[in-house]
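Q: Give me a model of this one.
(one chain, ligands or ions: 2)
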Amino acid sequence: MTITVEQMYSNYINGAWKTNAEETKASMNPAHPREVVGYYTMSGTRTLDEAVEAAASAKRNWRKMAQPARGDILYKAAALLEKRIEEIAETMTREMGKTYPEAKGETMRGAQILRYYAGEGMRQSGDVIPSTDKDALMFTNRTPLGVVGVITPWNFPVAIPVWKIAPALVYGNTVVFKPAQESAVTAAKVVECLAEAGLPDGVLNFVTGSGSVIGRGLSEHPDVNGITFTGSEQVGRGIGQAALGRGAKYQLEMGGKNPVIVTEDADLDTAVDAVISGGLKSTGQKCTATSRVIIQNGIYDTFKEKLLAKVREIKVGDGMKEDSWMGPCASESQFNSVTSYIEKGKEEGADLLCGGETIPEEEGYYVTPAVFDNVEPEMTIAREEIFGPVLALMKVETVEEAIETANDTEYGLSASIFTTNIQEFLSFMDDIEAGLVRINAESAGVELQAPFGGMKHSSSHSREQGEAAKEFFTSIKTVLVK
Ligand SMILES: NC(=O)C1=CN([C@@H]2O[C@H](COP(=O)(O)OP(=O)(O)OC[C@H]3O[C@@H](n4cnc5c(N)ncnc54)[C@H](OP(=O)(O)O)[C@@H]3O)[C@@H](O)[C@H]2O)C=CC1
Ligand SMILES: O=C(O)CCC(=O)C(=O)O
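A: Residues are numbered from 1 along each chain as shown. Ligands and ions are numbered 1, 2, ... in the order given. Take a look at the predicted model:
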């Protein structure tokens, strides 16, 4: 197969796109698994070292630049991303499968995140604190960490890299970015926008390759001062341990097993729509996706029938086709993982009411949306993150039991309740163990200006986005002047 110039995406190091004659790998379309979307480099540790060295050399001048001037570059990057929205969204759909309207919405969100953090360039960054010495002035000031390693997954190929890179840069850090292989081409296009916006050489570096070489290398590198990661719990734990061991700051966003409670006081039609949107958009591949639906006995059957009627109408197909509501799983390994969870659900005694099927006449990694009934708390499909279009229905008698069931997980990212009863809402808000608490709203979907993160095994207890990002990407200096 001939590699055309347009299809090959190299690393971006010290202001130049280049490779060290390393092996290349194809990124494939999960809707048409023989179709190449582009090629990326399987970089080695020598290339990673070059990128870290470039970021370390650039960090002093970047830190010394006025914060509003750093913000101006992000404004330019936002405009460039917006200008290329159609091309980037199409690349995303072809590379990881989410539908084109979702991909376009996510790319737009990338531009909005860039603008939000560009504005941070002009906002306050410290506090004046009274000193016990009447002749002293005491205040806090913030300083960047230095070089930050950014390791991202494939499920939000624009939004997640941008919500990590934009605050890292505006607060004065330099970056080495390693994207997931499954979305390396989309990630390269985001980097093109940032580079074209005028970042000085070495401020942003982009290195593609495997997680076990480049991701691990970044987390263990002595010259990387902070690591921000989103992905699986297993990998996240390893990164956290490596960073902790050498005294680097780290931030981990990992899995979820997100519950939605539907009470007898709920508006059932609203709840059905929210469960479908929260559980099945992006083929269920969100860390905030609805996975367990915990329903009160009195409305269980009515809710189930309403849900099934709508789930059965969902059109699964190539995300580039206008009539597709849900695309394929992002890769063959995701497809294998999701189908094996569906088999496990059946083996362990849950009843598959609809879906969970492949589409034999289609070549892509399609699984139709699955709804399981009679799911018990100890079953694998009620405990492990599936990251696919699978909903587990669980019956409870009371709202107290519903909250207890919702909390019966090692994760704590997002949780919703559907109710019109203010007392139930108050108990839920108080007792639920989750970083995102949603009332009459779906479990997925985050707002860029608000803190985002989970409890328990879902995160390292830090928060991303909004002003919370400042806590991770800077350190506080307390200054006393006399
Ligand atoms: N919370 C979330 O948003 C996400 C959760 N997941 C969960 O994880 C499961 C598996 O997905 P997967 O893509 O394999 O997730 P991973 O956690 O393996 O991948 C996330 C990122 O980490 C990199 N990575 C892999 N191994 C290491 C390592 N040893 N050290 C440092 N970085 C590493 C990956 O690189 P590479 O390109 O080689 O994969 C990728 O860039 C999903 O089914 C889902 O349950 C997945 C994605 C996002
Ligand atoms: O729900 C969202 O929009 C964000 C989800 C997310 O961060 C993730 O899946 O990794």
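Q: Report the spatially closest residue to P144, excluding sequence-adjacent ones.
A: G172 (3.6 Å; Cβ to Cβ, 6 or more residues apart in numbering). No exception for glycine: its C-beta is placed from N, CA and C like everyone else's.
Q: let me fix that: T419
A: Spatial nearest neighbour of T419, excluding adjacent residues (Cβ to Cβ, 6+ apart): T263 at 4.4 Å.
Q: neighbours of the one you found, just the number please.
A: 23 (other Cβ atoms under 10 Å).
Q: what pairs with the strand or helix carrying S416, and is each one parallel or antiparallel?
A: Using DSSP states H and E, S416 sits within strand 414-418. Strand 414-418 has the following sheet partners, assigned by DSSP bridges: strand 258-262 (parallel), strand 436-439 (parallel).
Q: avg pLDDT for the longest strand anywhere in the chain?
A: In the chain, with assignment by DSSP state E, the single longest strand is strand 32-41. Regarding strand 32-41, the rounded mean pLDDT is 97.
Q: likewise stretch 12-19?
A: 95.
Q: export that stretch as PDB, just CAs?
A: Taking C-alpha atoms only, stretch 12-19 is exported to PDB below (Å, rounded to 0.1, in the frame of the first residue of the first chain):
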ATOM      1  CA  TYR A  12       5.700  17.400  16.300                       C
ATOM      2  CA  ILE A  13       8.800  18.200  18.300                       C
ATOM      3  CA  ASN A  14      10.400  21.600  19.000                       C
ATOM      4  CA  GLY A  15       8.300  23.300  16.400                       C
ATOM      5  CA  ALA A  16       8.800  20.800  13.500                       C
ATOM      6  CA  TRP A  17       6.900  17.900  12.100                       C
ATOM      7  CA  LYS A  18       9.300  15.000  11.900                       C
ATOM      8  CA  THR A  19      10.000  11.300  12.400                       C
END
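Q: so V311 makes contact with G355?
A: Yes: V311 lies in contact with G355 (Cβ atoms under 8 Å); the separation is 6.7 Å.
Q: Overlap in contacts, the two.
A: Contact criterion Cβ atoms under 8 Å, 6 or more residues apart in numbering; residues shared by V311 and G355: 369, 371.
Q: Output the set of residues of the stretch 201-350 of the chain in proximity to ligand 2.
A: For the stretch 201-350 of the chain, the residues in contact with ligand 2 (Cβ under 6 Å from any ligand atom) are 230, 286-288.
Q: Now with 8 Å, please.
A: Proximity of the stretch 201-350 of the chain to ligand 2 (Cβ under 8 Å from any ligand atom) is limited to residues 230, 253, 256, 282, 285-289.
Q: biggest separation within those residues, which pair?
A: Across these, the longest distance by Cβ to Cβ is 16.0 Å; it joins E253 and S282.
Q: which residues are in contact with stretch 97-112?
A: 29-31, 78-79, 81-82, 85-86, 88-90, 92-93, 156-159, 162, 190, 281-283, 285, 319-320, 324-330, 364-365, 448.
Q: Can you show me the helices along the stretch 151-300 of the chain?
A: 159-170, 184-196, 216-220, 233-245, 268-280, 297-311 (DSSP state H, counting those that start in this stretch).
Q: Now render those as a markdown table, adding mean neighbour count and mean pLDDT.
A: Formatted as a markdown table, the helices of the stretch 151-300 of the chain follow (neighbours: other Cβ atoms under 10 Å; pLDDT from 0 to 100):
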| stretch | mean neighbour count | mean pLDDT |
| --- | --- | --- |
| helix 159-170 | 27 | 98 |
| helix 184-196 | 23 | 98 |
| helix 216-220 | 23 | 98 |
| helix 233-245 | 17 | 97 |
| helix 268-280 | 21 | 98 |
| helix 297-311 | 16 | 98 |
